[in-house]
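Engineer: The amino acid sequence is not available; the structure is as follows:
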């Protein structure tokens, strides 16, 4: 017999709830469209999931809204609650569920990567974290700070910056320019022993972990050692490194007399957003701080915000201090400590200080969180209002009857009439709506005639809207001057929509051409209206050019391969599937061509000779 769940009879869901195991795991709640809307972990899936549907529990408004939308659920069993916690963070990152607390745009945060999975590691910035054996430091929110850090590291520790695949066995005959300008130590030509290079990599890791004091001690030991060997040139270089690091250390505020490693974390909330501030203390010094915006939060559930942040932030962080200070005690403290213990390899303590210097650190983090959240809200409000300001200005400057909420922009792309295409881009409320973009192959025009091509695509686009009774846009923008505009106007007149607002935008002087007006409109250079139509024009151009290049590349590739004696559709597809592009086929050797399915050595020789003969040097 079905029971009533929040006013809805759901027999399938009730059966699923009855069959839930009393084991640790991760549960995924889905809406009627099959979309994952919430991911959670539990020590007992049966107790935790069923608790959502108990009316006797005092659920928050957010939980009530979630439960009303649940139509199905799935779960994954784990061996422990720690495994469930790790899997939960992975699933949240994968599905980005609406009802979970999430790091806002966490995929775009930069990291510093050390390719410790290579024989001669490199250090660079990346936004993609992989399980590839490399070490990642971050995430960071300030890209400029990351770039400055990398520049400093390359000055202090000139590791290689090239993308060559160097190994102990594979070396280069000549070094690149970086070696000659003393920006690289030349591991490619064996100018530095492997063990010395690896030592320098370890020093970079110490620096990024905030252990400058440990690094200074290590460098001082090396300096003493080489000085005793009377190698004063190397000793002088080490001295300069130590001096530079000490300058950085002097700028860092001493906040702990016990020379502790700590992360200090606090929050500030506004509606469903939170700013989480993390202050990084290493060897008692404040070496850095970052602030992160999280979505789906609540002022009534700071503990949930902190828990979500800890799981998502430390999932990809390389170094974990032995002490993390929080503004309040969290419910999952023990399980998160167990997880962090495994990652660090030693004890990690989550503490909530009530007084003293550590409490002052938490208070400082809270003040910074409040300031950074306020700053974020001001900037985001300004950025959100900018496009609407452009829409409003366009109505004024172009003398439109109503705001151009929906704008459609056209552009033509071709080279002397070959592979001609057109693009249609759509902006709503001043922002691109990519789901409504369209592209057209020109069908009726031969040769380079942009006017006739524009006439064709306007005819095809708006005859369909008119015939289907769909609403016309508030504004049409044609990339071009009076010529293109007049051809488009003729089509609109024939379709019975002559009163449709339409303008042409000339590239040279950013002139806006209007029907029945001799002189163009010149928009103010610093106006949001000009910026908006430039964005629409540039986006239409980008979309058209990309499509044109794709068609042209496909035609050239097929044409070139089809001209080779003995190459039919089957072999052509095999070659393109194996190599990926005509350029790579051209660069392939006879032996490599012969590895393709269906290509004999004789045919490989024919292909090789033909492409060499018909490729310009």
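Structural biologist: Yep, that arrived. As the structure is a prediction and not an experimental result, all values here were calculated from the model. Residues are numbered from 1 along each chain as shown.

Engineer: Tell me where the stretch 151-300 of the chain has strands.
Structural biologist: Secondary structure of the stretch 151-300 of the chain (DSSP state E, counting those that start in this stretch): strands at 253-254, 262-270, 273-282, 285-295.

Engineer: Let me see the contact set for residue 441.
Structural biologist: 420-421, 551 (Cβ atoms under 8 Å, 6 or more residues apart in numbering). C-betas here are computed from N, CA, C, even on glycine.

Engineer: Out of the residues you listed, grab the one that's most surrounded.
Structural biologist: residue 420 (27 neighbours; other Cβ atoms under 10 Å).

Engineer: tell me the secondary structure for that residue?
Structural biologist: Residue 420 falls in the strand class when you classify it by DSSP: H, G, I helix; E, B strand; the rest coil.

Engineer: Touching, it and residue 445? I think so.
Structural biologist: Yes: between residue 420 and residue 445 a contact is recorded at 6.7 Å, counting by Cβ atoms under 8 Å.

Engineer: Overlap of the contact sets of the two?
Structural biologist: residue 453.

Engineer: just to revisit the earlier point, what's the closest of the strands of the stretch 151-300 of the chain to residue 540?
Structural biologist: strand 285-295 (31.9 Å; Cβ to Cβ).

Engineer: list the contacts for the closest residue to residue 403 other than its chain neighbours?
Structural biologist: In this structure, residue 403 finds its nearest non-sequential neighbour in residue 395, 4.8 Å apart by Cβ to Cβ, 6 or more residues apart in numbering. Residue 395 makes contact with 402-404, according to Cβ under 8 Å, 6+ apart.

Engineer: Now stretch 497-507: buried residues?
Structural biologist: Burial within stretch 497-507, assessed by neighbour count using 16 or more other Cβ atoms under 10 Å, is assigned to 500-506.

Engineer: returning to what we had before: now which of the contacts of residue 395 would you call buried?
Structural biologist: By 16+ other Cβ under 10 Å, the contacts of residue 395 give 403-404 as buried.

Engineer: Out of the contacts of residue 395, which is nearest to residue 233?
Structural biologist: residue 404 (68.6 Å).

Engineer: unless I'm mixing things up, that closest one is touching residue 501, no?
Structural biologist: Yes: with contacts counted by Cβ under 8 Å, residue 404 reaches residue 501, the gap being 7.2 Å.

Engineer: and the chain, what are its domains?
Structural biologist: 4-100, 107-253, 262-375, 406-550, 563-613 (automatic domain parsing).

Engineer: Ramachandran angles for residue 77?
Structural biologist: phi -80, psi 140 (degrees, to the nearest 10).

Engineer: Once you drop chain neighbours, what's closest to it?
Structural biologist: Nearest one to residue 77, counting by Cβ to Cβ, 6+ apart, is residue 25 at 4.4 Å.

Engineer: What score does the one you found have for pLDDT?
Structural biologist: Looking at residue 25, its pLDDT is 91.

Engineer: what's the answer for residue 8, then?
Structural biologist: Reported pLDDT for residue 8: 41.

Engineer: now residue 356
Structural biologist: 86.

Engineer: what about it, distance to residue 485?
Structural biologist: 73 Å (Cβ to Cβ, to the nearest Å).
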